[in-house]
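Asker: I would like the atomic coordinates for the input below:
(2 chains)
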There are 2 protein chains.
Amino acid sequence: MRLSRYFLPILKENPKEAEIVSHRLMLRAGMIKQASAGIYSWLPLGYKVLRKIEAIVHEEQQRAGHMPMLMPTIQSAELWRESGRYDDYGEEMLRIKDRMDREMLYGPTNEELITDIFRSNITSYKDLPMTLYHIQWKFRDERRPRFGVMRGREFLMKDGYNFDLTKEDALHAYNRHLVTYLRTFERMGLQAIPMRADSGPIGGDDTHEFLVLAETGESEVFYDAAVTDLTFGDRQIDYDSVEDCAAVMEEFTSKYARTDETHDEALFNEVPEERRRSARGIEVGQIFYFGTKYSEPMKALVQGPDGKPVPVHMGSHGIGVSRLLGAIIEASHDENGIIWPASVAPFGAVIINMRVGDEGCDSWSEKAYNELTKAGVDPLLDDTDKGAGAKFATADLIGVPWQLVIGPRGVKSGEVELKNRKTGEKENMTLEAAINKISAGE
Amino acid sequence: MRLSRYFLPILKENPKEAEIVSHRLMLRAGMIKQASAGIYSWLPLGYKVLRKIEAIVHEEQQRAGHMPMLMPTIQSAELWRESGRYDDYGEEMLRIKDRMDREMLYGPTNEELITDIFRSNITSYKDLPMTLYHIQWKFRDERRPRFGVMRGREFLMKDGYNFDLTKEDALHAYNRHLVTYLRTFERMGLQAIPMRADSGPIGGDDTHEFLVLAETGESEVFYDAAVTDLTFGDRQIDYDSVEDCAAVMEEFTSKYARTDETHDEALFNEVPEERRRSARGIEVGQIFYFGTKYSEPMKALVQGPDGKPVPVHMGSHGIGVSRLLGAIIEASHDENGIIWPASVAPFGAVIINMRVGDEGCDSWSEKAYNELTKAGVDPLLDDTDKGAGAKFATADLIGVPWQLVIGPRGVKSGEVELKNRKTGEKENMTLEAAINKISAGE
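Answerer: Residues are numbered from 1 along each chain as shown, chains lettered A, B, ... in the order given. As a prediction, the model looks like this:
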């Protein structure tokens, strides 16, 4: 993409309304624009990152055999009356009357709708296990939306639902989701720690929240420092293996790690003192097992092996897709701007042409642009007539992993400057060497 | 994907509520399920096709330099008061009050919101031309939703907006969109004819609708038969060239082709009688030039080259993404089911294992599955224990381009049967030959 043709409305000033760094940086980098309180438009740069995060979520869900589908945003109130949640849900639910005066709502979650789809189509245990998920916009009418996409009203969420014959099978689905979530967050450069939590309006006893440690987090968390040493890495896992998934669950959740909702001072004190930590965390995902809470009232039954109808055991599993942009920025930035992990960076590199119009700079920049494009790096070429200071500031602000600086002096001496956004290291080398280094993703 | 693990709820009976073939087939093939009147859940098979259609739309828009972004579904009423459309829009607009009693609405289209984004960020003609688009769910509270996804209330639409300094520039954007639309629809195997139409609530004088001829179409259309001979094909086009885009516009719109809204009997009669046609058509896209209709009241001004502020010239351009599934099926099916063009088919081939449990059939099926997967064909393996008749019926119904039939007799004699869904041709050949033929996309 050529910056001269790209819509990237950079703000020089810190927007007053932004209280936390991710909100500030997303506004300054021209990623989002508020449309109404807690409702955002995603400008091209923000949209690009959103789609990359979404793609990782899709890949990891499908790797585990979970099936993508899509439920609508607007739901009928009827189903929510069946489960008993219509009145429970309170003012956070955006309630709507259509032209025929039917009671509708903008879905804050989808347990009822997916259970209805299930019961309309599945009648035998032979079709289980089954996990369906979608990535769709949700609405929760927060009283005080704030912190940009971290606590918006309209937000993008992945929510998945497992249907199993027995509690045991459903707990395997629970563990399997834990594994997919560990992989998902690690691929985005995040350490998200599963912590025992409270189930809230979803219901059920078993639930873990995934929290990214950050000063601006909304939750107070307590944990054994040893949990931060755990990484999933690139180990292979058989998602069908009950033992493999249970072993990962055991490894990642046996040490003390809880949110304030479930914090137990006595248990916490059993952790050796030097490893006890309290901090703040951002919730980026949550998994639930709630058994037959929905399948019983909504009569989602299957015929078991003995021919008798039984309600299915279910769980639901969410990832805050749009919120993840904020969480990643909170975890990865410096005073000059965002530092994107390569896996979700909007561009692979920015080529800074220091003197547009200079024959040498232009031709080297074009060469770099074409070759990096060919190598699949997806570069951004700064071909604007702005000054060097503004160009460097923009490149730092938008946080692309590599900055390739092409100036007239360097062209004469046969060199470019390659800067690594994360480490700040700058190195002079030939254009070819820089292109190779970026393409190799070193 | 293995069918034994896939959620594909095939219906044997024709659903009573479905009046037209695409609705019937989408329900029967387990692609969609109605959630409320005119609101659908997209089951895995339907979702897969939806995403393929969406991907083609994205590719063709970005090829022309149009920038993807995303606006929210819920908008504030304020902006619509500025443009004057809040009261005009009538009962089709889904109006909402949030918990703070603010007037909101579910966007039926986005001229106001995009104009607000533009005016907040762009102040100089130097940043023009600019075209932004998004693919987002819309809501129109139709009094009589029907025909499945063809006339739903919640539907997925691509809407793009161009911002230009002059009327001339904006008309180039109009022509450029026409070219992208011709390419888009042709890639989906559709002939969509641009016809002079009426602009309705969007406004402006210049507008063309793209119509797919089909008996079930909601519009009556009149055209010179010569327009159906035109194809865009794979010609290269420079989207920045005013002349190139204008030439395509001229070629595709100079012959008589109008919807009943703009039909002119006298002009029509100038077409040689043997070439005069009247038929029905399904609208799949529409392009508009409306000049300063929104930029003037909403004060979307840029400084021109002479330093004076002028309102920008705009147009908007829509494609009915979810509706396209219906349109493609209306145009491509037979009595046994859907016939997907390869570009949007949910799977590249279905492998029918005629005797699951038979060692030869199983091992050949696995081989075909692995090799076709490796070749990027994305096969569906029917590894269920259903009978031959049911398996063939399902394969025909879901309309995947190739059916690879592996039965015990064939395994013994070293042959499989390869059926082309579109032509119905069946051919016996070795497994390797069949895999090669499918992989080659012949």
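
Asker: count of neighbours near residue A:19?
Answerer: 11 (other C-beta atoms under 10 Å in any protein chain shown). Glycine gets a C-beta too; all of them are placed from N, C-alpha and C.

Asker: try residue A:280
Answerer: In terms of burial, residue A:280 registers 16 neighbours under the definition other C-beta under 10 Å.

Asker: same question for residue A:359.
Answerer: Around residue A:359 there are 10 other residues, counting by other C-beta under 10 Å.

Asker: nearest residue to whichever residue of the stretch 301-442 of chain A sits closest to chain B in space, please, no chain neighbours.
Answerer: Closest residue of the stretch 301-442 of chain A to chain B, C-beta to the nearest C-beta: residue A:385 (9.3 Å). Nearest residue to residue A:385 in three dimensions, chain neighbours excluded: residue A:356, at 5.6 Å (C-beta to C-beta, 6 or more residues apart in numbering or on different chains).

Asker: what score does that neighbour have for pLDDT?
Answerer: The pLDDT attached to residue A:356 in the predicted structure is 97.

Asker: ok, it - how many residues close by?
Answerer: Here the neighbour count serves as a burial measure; for residue A:356 (other C-beta under 10 Å) it reads 15.

Asker: just residue A:303 next, same as before
Answerer: Residue A:303 has 13 neighbours, counted by other C-beta under 10 Å.

Asker: is it in a bridge, and if so with what?
Answerer: Following DSSP bridges, residue A:303 is listed with bridge partners residue A:124, residue A:309.

Asker: ok, it - contacts?
Answerer: Neighbour list for residue A:303: A:123-125, A:309 [criterion: C-beta atoms under 8 Å, 6 or more residues apart in numbering or on different chains].

Asker: from residue A:310, how far off is it?
Answerer: Summarising the geometry, the distance separating residue A:303 from residue A:310, computed by C-beta to C-beta, to the nearest Å, is 8 Å.

Asker: for the lowest-mean-pLDDT helix or strand in chain A, buried residues please.
Answerer: Taking mean pLDDT, DSSP states H and E as the measure, chain A has helix A:85-88 as its least confident helix or strand, at a mean of 90. Of the residues in helix A:85-88, A:85-86 count as buried by neighbour count, 16 or more other C-beta atoms under 10 Å in any protein chain shown.

Asker: apart from its neighbours in sequence, what residue is nearest residue A:217?
Answerer: Counting by C-beta to C-beta, 6+ apart, residue A:280 is the residue found nearest to residue A:217 once chain neighbours are left out, at 3.7 Å.

Asker: quick one, helices of chain A?
Answerer: A:21-28, A:44-63, A:77-83, A:85-88, A:111-121, A:167-187, A:242-253, A:265-268, A:321-331, A:359-374, A:388-398, A:408-413, A:431-440 (DSSP state H).

Asker: quick check: the residue nearest to residue A:385 touching residue A:387?
Answerer: No. Using C-beta atoms under 8 Å, residue A:356 is not in contact with residue A:387; the gap is 11.2 Å.

Asker: quick one, domains of chain A?
Answerer: Following the TED database, one finds the domains of chain A at A:3-338, A:349-440.

Asker: any idea how far the longest one is from the middle of the chain?
Answerer: In terms of C-alpha atoms, centre = their mean, to the nearest Å, the gap separating the centre of domain A:3-338 from the centre of its chain is 9 Å.

Asker: how long is that domain end to end?
Answerer: Across its full length, domain A:3-338 reaches 18 Å end to end, with C-alpha to C-alpha, to the nearest Å as the criterion.

Asker: number of residues surrounding the residue nearest to residue A:369 when sequence neighbours are not counted?
Answerer: Counting by C-beta to C-beta, 6+ apart, the nearest residue to residue A:369 once its immediate chain neighbours are dropped is residue A:381, at 4.7 Å. Burial of residue A:381 is recorded as 27 neighbouring residues (other C-beta under 10 Å).

Asker: so where is chain A shaky, pLDDT-wise?
Answerer: For chain A, residues meeting the criterion pLDDT under 70 lie at A:201-204, A:442.

Asker: the longest strand seen in chain A pairs with which strands?
Answerer: Residue-count comparison of every strand in chain A, with assignments taken from DSSP state E, identifies strand A:276-291 as the longest. Strands that pair with strand A:276-291, judged by DSSP bridges, come out as strand A:206-213 (antiparallel), strand A:219-224 (antiparallel), strand A:313-320 (antiparallel).

Asker: quick check: buried residues in the shortest one?
Answerer: Spelled out, it's strand A:219-224. Taking 16+ other C-beta under 10 Å as the basis for neighbour counts, the residues of strand A:219-224 that come out buried are A:219, A:221-224.

Asker: returning to what we had before: and the least confident helix or strand of chain A with chain B, contact?
Answerer: No. Contact between helix A:85-88 and chain B, assessed by C-beta under 8 Å from any C-beta of the partner chain, is absent, since the two come no nearer than 14.4 Å.

Asker: not counting that helix itself, show me its contacts.
Answerer: Around helix A:85-88, the neighbours that count as contacts under C-beta under 8 Å, 6+ apart are A:77, A:80, A:111-112, A:201.

Asker: just the buried ones from those?
Answerer: The neighbour-count criterion (16+ other C-beta under 10 Å) marks A:77, A:80, A:111-112 among the contacts of helix A:85-88 as buried.

Asker: show me the contacts for the residue in the stretch 151-300 of chain A positioned nearest to chain B.
Answerer: Per C-beta to the nearest C-beta, the residue of the stretch 151-300 of chain A with the smallest distance to chain B is residue A:154, at 4.8 Å. Neighbouring residues of residue A:154 by C-beta under 8 Å, 6+ apart: A:38-40, A:137-139, B:72-74.

Asker: how close does it get to residue A:386?
Answerer: Noted for residue A:154: a distance of 34 Å to residue A:386, by C-beta to C-beta.

Asker: can you put the contacts of helix A:85-88 in a markdown table and add distance to residue A:343?
Answerer: Below are these laid out as a markdown table (distance: C-beta to C-beta, whole Å):
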| residue | distance to residue A:343 |
| --- | --- |
| A:77 | 40 |
| A:80 | 37 |
| A:111 | 31 |
| A:112 | 34 |
| A:201 | 33 |
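
Asker: can you name the residues bridging to the residue lying closest to residue A:190 once chain neighbours are set aside?
Answerer: Using C-beta to C-beta, 6+ apart and skipping residues adjacent in sequence, the residue nearest residue A:190 is residue A:212, 5.4 Å away. Residue A:212 has these beta-bridge partners by DSSP bridges: residue A:192, residue A:282.

Asker: for residue A:212, which residues are in contact?
Answerer: With contacts defined as C-beta under 8 Å, 6+ apart, residue A:212 is in contact with A:185, A:190-193, A:281-282, A:284, A:327, A:330-331.

Asker: so which two of the residues you listed are the farthest from each other?
Answerer: Largest separation among those by C-beta to C-beta: A:193 and A:330, giving 14.7 Å.

Asker: and residue A:62, how far from residue A:160?
Answerer: Look at residue A:62 and residue A:160: by C-beta to C-beta, they are 11 Å apart.

Asker: likewise for residue A:268?
Answerer: The spacing between residue A:268 and residue A:160, counted by C-beta to C-beta, is 31 Å.

Asker: ok, the residue found closest to residue A:153 once you drop the neighbours it is linked to in the chain - how many residues close by?
Answerer: In space, residue A:153 comes closest to residue A:38 once its chain neighbours are excluded; the distance is 3.5 Å by C-beta to C-beta, 6+ apart. Summarising burial for residue A:38: neighbours were counted as other C-beta under 10 Å, giving 25.

Asker: what residues does the stretch 51-200 of chain A have near chain B?
Answerer: A:65, A:67-76, A:91-92, A:94, A:96, A:98-99, A:102, A:104, A:106, A:113, A:116-117, A:120-122, A:127, A:130, A:132, A:134, A:137, A:139, A:141, A:143, A:153-154.

Asker: one step back: can I get the helices of chain A in a markdown table with distance to residue B:240?
Answerer: Formatted as a markdown table, these follow (distance: least, C-beta to C-beta, whole Å):
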| stretch | distance to residue B:240 |
| --- | --- |
| helix A:21-28 | 31 |
| helix A:44-63 | 19 |
| helix A:77-83 | 51 |
| helix A:85-88 | 54 |
| helix A:111-121 | 46 |
| helix A:167-187 | 38 |
| helix A:242-253 | 53 |
| helix A:265-268 | 64 |
| helix A:321-331 | 33 |
| helix A:359-374 | 16 |
| helix A:388-398 | 25 |
| helix A:408-413 | 28 |
| helix A:431-440 | 27 |
